[in-house]
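# after the sequence you'll find the predicted model.
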Amino acid sequence: MSKLEISDLSARVEDKQLLNGVSLTVNGGEIHALMGPNGAGKSTLGYVLMGHPNYQVTGGSVKLDGVELVGKYPEERARAGLFLAFQNPVAVQGVKLSTFLRTAYNQVHPNEKMTIQEFYDKMKLHMKKVGLDESFISRSVNDGFSGGERKRFEILQMVILRPKIVILDEIDSGLDVDALKMVAEEIKEYYNQEVGFLIITHYQRILKDIEPQFVHILIDGKIAMEGDNSISLKIEEEGYDWIRGV
Amino acid sequence: MDVDFKKDEELEKLLRDLKDVKQSDYEFHDNIKPVYSTGKGLTRETVEEISAIKKEPDWMRRLRLKALEVFQSKPVPTWGPDLSGIDWENTSYYNRPDERRTNDWNDVPDQIKETFQKLGIPEIEQKYLAGSVAQYDSEGVYHNLRKVWEDKGVVFMDLDSAIQNYPDLVKDYYCKAVPVSDNKFAALNGAVWSGGSFLYVPKGVQIDMPLQTYFRMNGEATGQFEHTIVVADEGSKVHYIEGCTAPRYDKDSLHSAIVEIYVKKNAKARYTSVQNWSKSVYNMPTKRAWVDENAQMEWVGGSLGSKVTMLYPSSYLRGPHASASNLNIALAGAGTFKDTGAKALHFAPYTSSRIVAKSISIEDGKAIYRGLLRVNKGATHAKSKVQCDALLINDTSSSLTFPHDEIYEPSATFSHEASVGKIGTEELTYLRSRGLSEDEASSMIVLGFLDDVMKEIPMEFAVEMNRLVKLEMSRYGAVG
Ligand SMILES: Nc1ncnc2c1ncn2[C@@H]1O[C@H](COP(=O)(O)OP(=O)(O)O)[C@@H](O)[C@H]1O
Ligand SMILES: [Mg+2]
């Protein structure tokens, strides 16, 4: 069973301190929600966990299955089983979606031999499930995709790459009700006792479909409160002020 | 829309076959002593000697001597890259590898054959080509044309053989589109030229498979001066390809070719060249096409390696509705100066031209786009579209654009677009977060940048470009 252990993690971008000692553990089979007001540092945490070069770790550690990730390249983290669905996935002009995904797949699962035909079949099956038309296979990565299409593609990448620990950053934004349902179904189908989820959101919406066992509230780069899903319901009604007051 | 995996599968297979190729696979050199060399330096005697060895007709000898005078009278151009490193005195202008020329690979001397085998040439011929010529240093060593095309009257051989076998045909075209007075390097070629190909496609003959010439420059501090002529007679169709490589030496070598293409009425010609020169080569070819009424000319070029390259394939649109397109990729690695571009000259009504130039600069590599668009008075309704995109890999990389327009016809329409970009951290991080290494991610981004050109060139050559770009990218590693 996999385990992501974040201990006392601090980080900054340029001279701006954004994370101030975050500790959080996600085990396989668990669903965690990370909530917090705009600008709290939620996306920053995702980037730092993934090893984005613009963010500098100033203290603490991140371990995946006991192995330290701090100092490792993003690709090493991906190959170790970590996955981040970006809040705003970037477009990469001219890079064909299928070429990108297959290259990534071969890197993450070097010992699995899947023919191109099998790979296409699998891609097409899941594209259907997340609601992406087959024609997207030949399009450039995220190029000209709507916000919602980008989110669907993030989930497609997740199911194809089969990570052990999944961070979903605002996966619900940009999706209408029906789309959210499809995406949530796909996430639930992927969810099992081996996989741990950290769902970053500031709406309660997605948490109705995918119910977390743990909720963490991030304010000013620190975990301000933790508990079960009842916190998210209270935030839905009252916002974050009552937590700041604690 | 049904999306098929077959094309990806084919591409992946090709790439896998080519996976372990290293730059050194191109840069190796053979210890072959030329059987004949004119030695170092260039005088009237050198030129006479070359002509005598080749037992040329007198008209050619006289043209050579005239060209030598032009060469000696013209100064080295100073408006572009620094050419002061060309060591005119210490260059050998003619090296002949072997006496024989053959149309059977088995008869090619072993070591030369091995070189071409290492480069995969005979295999490519078998799979993809209608005909092929191989040149080693100054001379063609092999040429072959599939019988179906020979029977239809197609002529494809090295230019020296063509002068012996078809002197009148050659004379009609030799140095008509590119007169030796054009520039110093064309004049030099006119004086000492050797090798190159002659391709004649008769009226109405449409060849579906490409024909290729492969040039291998082996000697150190030598010059390669091939002259290539392609004639697509009325209503014909042809795709001609050139590949070039050279080993790496400490002493610089000079490559100064002439390529002349004649696209007659209603004909269609495509010229593709993939050049991967080593970093000690000055590459200064002059390439030009005459495009007649309703004919189409397509230039596709990938220029990698070399120390300095100055290359501006030109299209002279001479008849109504003639069109030219120019797709060019220039990669300027460390220490390389790429001064490349295209010229389109509209002389007739309803002519059109399209130029897409993409450049990539790595480390201190410098890529310059230099273009000319000229529309003469009377070339009514001429149309032109120019697009130049530059990608800079490192902070020290640079790129500049010098478009030059001379428009004398008010009804002409034209547009210019230019962009300069860098490989973004966000794109790199995104790809890497999915498991791609930095090298893989950056070469994927670079190939993505080139994609709109790659899509238009035949798959095997896109693959070759793909591989060369990846090679070049991985040699410099760090990106940022
Ligand atoms: N690259 C950056 N440079 C400067 N400030 C940044 C950068 N990235 C994020 N920030 C700032 O850090 C804070 C936290 O951002 P973020 O992690 O995106 O918040 P959240 O996802 O919780 O809304 C914000 O104030 C944001 O403006
Ligand atoms: Mg955010």
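Yep, it's here. Ligands and ions are numbered 1, 2, ... in the order given.

# need the distance between the two termini of stretch B:428-442.
Distance between the boundary residues of stretch B:428-442 (C-alpha to C-alpha, to the nearest Å) amounts to 7 Å.

# go on, stretch A:195-214?
15 Å.

# please apply the same query to stretch B:201-213.
OK, stretch B:201-213 end separation, C-alpha to C-alpha: 16 Å.

# low-confidence bits of chain A, can you list those?
Flagging of chain A using pLDDT under 70 yields the residue ranges A:246.

# in it, which spans are strands?
For chain A, applying DSSP state E gives strands covering A:3-13, A:16-27, A:31-35, A:55-64, A:67-68, A:82-85, A:165-169, A:196-200, A:214-219, A:222-227.

# just send those back as TSV, with mean neighbour count too.
Using the backbone N, CA and C atoms, a C-beta is placed for each residue, glycine as well. TSV is the format used below for the strands of chain A (neighbours: other C-beta atoms under 10 Å in any protein chain shown):
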stretch	mean neighbour count
strand A:3-13	18
strand A:16-27	18
strand A:31-35	24
strand A:55-64	17
strand A:67-68	11
strand A:82-85	26
strand A:165-169	25
strand A:196-200	24
strand A:214-219	22
strand A:222-227	15
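
# who wins for proximity to A:Glu236 among those strands?
Shortest distance between A:Glu236 and the strands of chain A, using C-beta to C-beta, is found for strand A:31-35: 9.9 Å.

# list the helices and strands the closest one packs on?
strand A:16-27, helix A:42-50, strand A:196-200, strand A:214-219, helix A:230-238 (3 or more C-beta pairs under 8 Å, 6 or more residues apart in numbering or on different chains; DSSP states H and E).

# what strands flank the shortest one, and is each parallel or antiparallel?
The strands that strand A:196-200 pairs with in its sheet are strand A:31-35 (parallel), strand A:165-169 (parallel) (by DSSP bridges).

# now the last one and strand A:55-64, what's the angle there?
Right, the one you point to is strand A:165-169. Relative orientation of strand A:165-169 and strand A:55-64, computed by axes from the mean of the first three to the mean of the last three C-alpha atoms, to 10 degrees: 140 degrees.

# can you tell which of the strands paired with strand A:196-200 is closest to B:Arg270?
When the strands paired with strand A:196-200 are ranked by proximity to B:Arg270, the top entry is strand A:165-169, at 47.7 Å, counting by C-beta to C-beta.

# redo the strands of chain A as JSON lines? Include distance to B:Thr228.
Shown next, in JSON lines, are the strands of chain A (distance: least, C-beta to C-beta, whole Å):
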{"stretch": "strand A:3-13", "distance to B:Thr228": "56"}
{"stretch": "strand A:16-27", "distance to B:Thr228": "60"}
{"stretch": "strand A:31-35", "distance to B:Thr228": "65"}
{"stretch": "strand A:55-64", "distance to B:Thr228": "55"}
{"stretch": "strand A:67-68", "distance to B:Thr228": "59"}
{"stretch": "strand A:82-85", "distance to B:Thr228": "53"}
{"stretch": "strand A:165-169", "distance to B:Thr228": "57"}
{"stretch": "strand A:196-200", "distance to B:Thr228": "61"}
{"stretch": "strand A:214-219", "distance to B:Thr228": "67"}
{"stretch": "strand A:222-227", "distance to B:Thr228": "71"}
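
# kindly present the helices and strands packed on strand A:31-35 as a markdown table, with separate columns for distance to A:Pro89.
Converted to a markdown table, those look like this (distance: least, C-beta to C-beta, whole Å):
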| stretch | distance to A:Pro89 |
| --- | --- |
| strand A:16-27 | 21 |
| helix A:42-50 | 12 |
| strand A:196-200 | 14 |
| strand A:214-219 | 22 |
| helix A:230-238 | 25 |
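
# so which of these is nearest B:Ile457?
Distances from B:Ile457 to each of these were compared by C-beta to C-beta, and the smallest falls on helix A:42-50, at 36.2 Å.

# quick one: contacts of the closest one?
Judged by C-beta atoms under 8 Å, 6 or more residues apart in numbering or on different chains, the contacts made with helix A:42-50 from elsewhere in the structure are A:4, A:6, A:9, A:11, A:13, A:18-19, A:22, A:34-36, A:54-55, A:57, A:62, A:69, A:74, A:77-78, A:82, A:84, A:86-87, A:167, A:169-170, A:200, A:202, A:218, A:221, B:429, B:433.

# please export the C-alpha coordinates of stretch B:144-164 as PDB.
The C-alpha coordinates for stretch B:144-164 follow below in PDB (Å, rounded to 0.1, in the frame of the first residue of the first chain):
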ATOM      1  CA  ASN B 144      21.000   3.700 -60.300                       C
ATOM      2  CA  LEU B 145      17.600   4.300 -61.700                       C
ATOM      3  CA  ARG B 146      14.700   1.800 -61.700                       C
ATOM      4  CA  LYS B 147      14.200   0.400 -65.100                       C
ATOM      5  CA  VAL B 148      10.500   1.600 -65.500                       C
ATOM      6  CA  TRP B 149      11.700   5.200 -65.400                       C
ATOM      7  CA  GLU B 150      14.700   4.600 -67.500                       C
ATOM      8  CA  ASP B 151      12.400   3.200 -70.100                       C
ATOM      9  CA  LYS B 152      10.200   6.300 -70.000                       C
ATOM     10  CA  GLY B 153      13.200   8.400 -70.800                       C
ATOM     11  CA  VAL B 154      14.100   9.700 -67.400                       C
ATOM     12  CA  VAL B 155      17.800  10.500 -67.100                       C
ATOM     13  CA  PHE B 156      19.400  10.400 -63.600                       C
ATOM     14  CA  MET B 157      23.100  10.300 -63.100                       C
ATOM     15  CA  ASP B 158      26.000  12.400 -61.800                       C
ATOM     16  CA  LEU B 159      26.500  15.500 -63.800                       C
ATOM     17  CA  ASP B 160      29.900  14.500 -65.100                       C
ATOM     18  CA  SER B 161      28.500  11.300 -66.700                       C
ATOM     19  CA  ALA B 162      25.600  13.400 -68.100                       C
ATOM     20  CA  ILE B 163      28.000  15.700 -69.800                       C
ATOM     21  CA  GLN B 164      29.600  12.700 -71.500                       C
END
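
# which parts of it are buried?
Across stretch B:144-164, burial judged by 16 or more other C-beta atoms under 10 Å in any protein chain shown covers B:144-146, B:149, B:154-163.

# who's in contact with that stretch?
With C-beta under 8 Å, 6+ apart as the test, stretch B:144-164 has contacts from B:54-57, B:60, B:101, B:103-104, B:125, B:130-133, B:135, B:139-140, B:143, B:165-166, B:169-170, B:193-202, B:205, B:207, B:209, B:211, B:226-229.
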